[in-house]
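S.K.: All I have is the shape, not the residue letters:
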C-alpha cells in the first residue's frame, strides 16, 4: 500500500486555495466594474450622473415620487413613506442618460409630471457605468439627436435600432395619441449600422427627414442598442 507524502497534500491544498482566491478576486473586479450607484435627490434639486472616460451610463432603476425610503422629509405626516411610484420613470431617465458619460436630471414636476400632488417628492436613481463591450440601450425623442461613441481603439457595433413607438412608454407628449403601439421598421437596424458601424463616434438624428415617418401623427423616438468592439 502506497502512503502519500503529507507535504504533497499540503502543496495541493495551497495550490487549490490560490486558485480559489484568484477566482474570488476576478469576480470582485468584475462586480466593481458594474458597481451600482444609488442616489436620492430631493424635489427641486438636480442630480448629475457621471462615468469615467470610455464608459457610458446605464440606468438600472429610476423613480420620482415617494416610496419606502424616509428621505427628503419636510413634513413627517404629509411626507410619510407611501407607494408613489411610476414604472415608466426608469425608461424615461434612460432616454436622456443611457450611453452618455455625463447626464443631469432635474427632480421636478416640470420634468416628470406630478405623480403624487401635495407630497414632497424625491428622485431615486440606480445606475452603473458600462464596460466598452457591454450593450447599451438608449432612447432619443423625436427631433433630438443621439451621439454614440467608443473609447480609443474601439468601434461602434449596432445591435438593434428602431425609429417609431413600441412597448416603451417614453417620450410621451400626448397620453392618448402616443399610446404604446407597434410602430417598428426592421430595416432601421441596417440603416443605423451603415451609418455608425466601425466608427468611434457617430451622430444620428431622430427625425422623419432621416428615417421617413413610420407612424404619422404619433410622437416617435429612436431606440438603439449598441456596444463597442
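M.R.: Everything's here; your move. The model shown is predicted, which means the values in this text are computed figures rather than measured ones.

S.K.: just the helices in this structure please.
M.R.: 6-33, 89-97, 109-112, 188-196, 208-211 (DSSP state H).

S.K.: Those: lowest mean pLDDT?
M.R.: Of all the helices of the chain, the minimum mean pLDDT falls on helix 6-33 (a mean of 44).

S.K.: Residue 59 is in contact with residue 97, isn't it?
M.R.: Yes: using Cβ atoms under 8 Å, residue 59 is in contact with residue 97, at 5.6 Å. For glycine as for every other residue, the C-beta is placed from the backbone atoms N, C-alpha and C.

S.K.: Please enumerate the shared neighbours of the two.
M.R.: Shared contacts of residue 59 and residue 97 (Cβ atoms under 8 Å, 6 or more residues apart in numbering): residue 127.

S.K.: if we look at stretch 216-224, which residues are touching it?
M.R.: 95, 137-142, 146, 148, 158, 160-166, 168, 170-174, 177-178, 181, 183, 192, 204, 206, 211, 214.

S.K.: Only whichever of those residues are buried, select them in ChimeraX.
M.R.: Buried members of the contacts of stretch 216-224 can be picked out in ChimeraX with the line below, counting by 16 or more other Cβ atoms under 10 Å:
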select :95,137,138,139,140,141,142,146,148,158,161,162,163,164,165,168,170,171,172,178,183,192,204,206,211,214
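
S.K.: Quick check: residue 70 touching residue 81?
M.R.: Yes: using Cβ under 8 Å as the test, residue 70 is close enough to residue 81 to be in contact (5.7 Å).

S.K.: So what does the closest residue to residue 173 other than its chain neighbours look like in phi/psi?
M.R.: Closest residue to residue 173 apart from its sequence neighbours, by Cβ to Cβ, 6 or more residues apart in numbering: residue 219 at 4.6 Å. Backbone torsions of residue 219, given as degrees, to the nearest 10, read phi -80, psi 120.

S.K.: What is the neighbour count of residue 219?
M.R.: Per other Cβ atoms under 10 Å, the neighbour tally for residue 219 reads 15.

S.K.: Show the model's pLDDT score for it.
M.R.: Looking at residue 219, the pLDDT reads 93.

S.K.: Kindly report the same for residue 142.
M.R.: Reported pLDDT for residue 142: 95.

S.K.: so what's it up against?
M.R.: Here residue 142 is in contact with 171, 206-208, 219-222 (criterion: Cβ under 8 Å, 6+ apart).

S.K.: excluding its backbone neighbours, what's nearest it?
M.R.: With sequence-adjacent residues excluded and distances taken as Cβ to Cβ, 6+ apart, residue 142 is closest to residue 220, at 4.6 Å.

S.K.: With residue 39 instead?
M.R.: Here the residue nearest residue 39, using Cβ to Cβ, 6+ apart, is residue 125, at 5.3 Å.

S.K.: again with residue 214
M.R.: Nearest non-adjacent residue to residue 214 (Cβ to Cβ, 6+ apart): residue 164, at 4.6 Å.

S.K.: wait, isn't the one you found in contact with residue 183?
M.R.: Yes: using Cβ under 8 Å, residue 164 makes contact with residue 183 at a distance of 3.5 Å.

S.K.: what do these two both touch?
M.R.: Common neighbours of residue 164 and residue 183 (Cβ under 8 Å, 6+ apart) are 214-215, 218, 220.

S.K.: Let me know the closest of these to residue 63.
M.R.: Checking these against residue 63 with Cβ to Cβ, the nearest one is residue 220 at 25.0 Å.

S.K.: care to break the chain down by domain?
M.R.: When the chain is parsed with automatic domain parsing, its domains come out as 36-130, 132-229.
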